[in-house]
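Colleague: sequence first, predicted coordinates after that:
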Amino acid sequence: LPASNGLLVVLHAAGSSPRALAGLCTSLSPWVGQTLAPVLPSTVARGLIGLGEPLAHHIDIARLALSQAASPRILFGHSFGGLVAVLALLDGVQVDAAILYEPIVVACLDENDDADRAAKAWDRALIDFLAERTEAGDPEPGVARFIEAYNEVAWDSLPEGPRRGMVAGAADMVELTGVVHRHRLDLERVRQLSTPILVLHGSHSPAAVKRMAMRLAALLPRAQLEIVESAGHMGPVLRPHEVANVVLPFLGYAESGP
């Protein structure tokens, strides 16, 4: 894929921001050209600016970001952003390639498979505890458990400011995680996607998100599944260079070095 006039659109995880993917954009931009990192608004932000239902308007944001004349056009989605990327492709958004780092695609899990049921139950239990604590007026334990489970960091190790922000946004987190967990994909249409897609998961990530990545990759007809060594679910944020070095060969470039 030629780098001149190219466009990379990166979609961040829920509860995060485009700023979190700045390191990844810096690592990839010399090869792919211009990078755009749109904001995927929270529930509160949607209400303030009159946006509609979750996921539908996020797809519109991805479509708008990719509407520029550019070649190649590459879509990267992390976690919740990975689900949005899949939905955008199913909604007809055209790209030359897509990269999905641990997309939260619960609908790919098979209820008849023990490991898949365990993965789904793990995610559901985290959401239920978060909702229970939020409804009880004491959201911090629920937020802490959710963040520690998905983000391979101790809650107490995070700066006070971000912790306060996440606790204040607990109701948003309850709504969005519930929407994502319940969302149903048309798996037959997933099997018909013709876009070349790289699906990534970290070697240190929770078993449930690894399982979702593997299941999605098995469904996609032109998917390539790769593991980012020594990375967890927040690999694109905490280990952007390592993630970039797995992405670059998929795009036709050599690794960017140590």
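Modeller: Thanks, I have it. Predicted model only: the values in this text are computed from it and were never measured.
Colleague: ok, longest helix in this protein?
Modeller: Counting by DSSP state H, the longest helix found in the chain is helix 114-135.
Colleague: so how far is that helix from its chain's centroid?
Modeller: Averaging C-alpha positions (Cα atoms, centre = their mean, to the nearest Å) puts helix 114-135 18 Å from its chain's average.
Colleague: next SSE downstream of it?
Modeller: helix 140-151 (DSSP states H and E).
Colleague: low-confidence ranges, the stretch 101-250 of the chain, go.
Modeller: Of all residues in the stretch 101-250 of the chain, none has pLDDT under 70.
Colleague: and the helices in the chain?
Modeller: 22-32, 43-49, 56-65, 80-90, 114-135, 140-151, 160-168, 170-182, 187-190, 207-219, 235-238, 240-250.
Colleague: dump these to CSV, plus distance to residue 99 and mean neighbour count.
Modeller: All C-beta spots, glycine's among them, are computed from the backbone N, C-alpha and C. Shown next, in CSV, are these (distance: least, Cβ to Cβ, whole Å; neighbours: other Cβ atoms under 10 Å):
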stretch, distance to residue 99, mean neighbour count
helix 22-32, 9, 19
helix 43-49, 26, 12
helix 56-65, 13, 18
helix 80-90, 8, 25
helix 114-135, 22, 17
helix 140-151, 19, 20
helix 160-168, 26, 13
helix 170-182, 19, 19
helix 187-190, 16, 13
helix 207-219, 12, 21
helix 235-238, 9, 25
helix 240-250, 6, 20
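Colleague: residue 191 - how many residues pack around it?
Modeller: Neighbour count for residue 191, taken as other Cβ atoms under 10 Å: 11.
Colleague: packing partners for the longest helix of the chain?
Modeller: Counting by 3 or more Cβ pairs under 8 Å, 6 or more residues apart in numbering; DSSP states H and E, the packing neighbours recorded for helix 114-135 are helix 140-151, helix 170-182, helix 207-219.
Colleague: helices and strands around the shortest one, which ones?
Modeller: What it means is helix 140-151. helix 114-135, helix 160-168, helix 170-182.
Colleague: what's in contact with it?
Modeller: Outside helix 140-151, the residues that touch it by Cβ atoms under 8 Å, 6 or more residues apart in numbering are 15, 79, 122, 126-127, 129-134, 153-155, 158, 163, 166-167, 170, 173, 177, 206, 209, 232-234.
Colleague: partners of residue 11 in the sheet?
Modeller: residue 77 (DSSP bridges).
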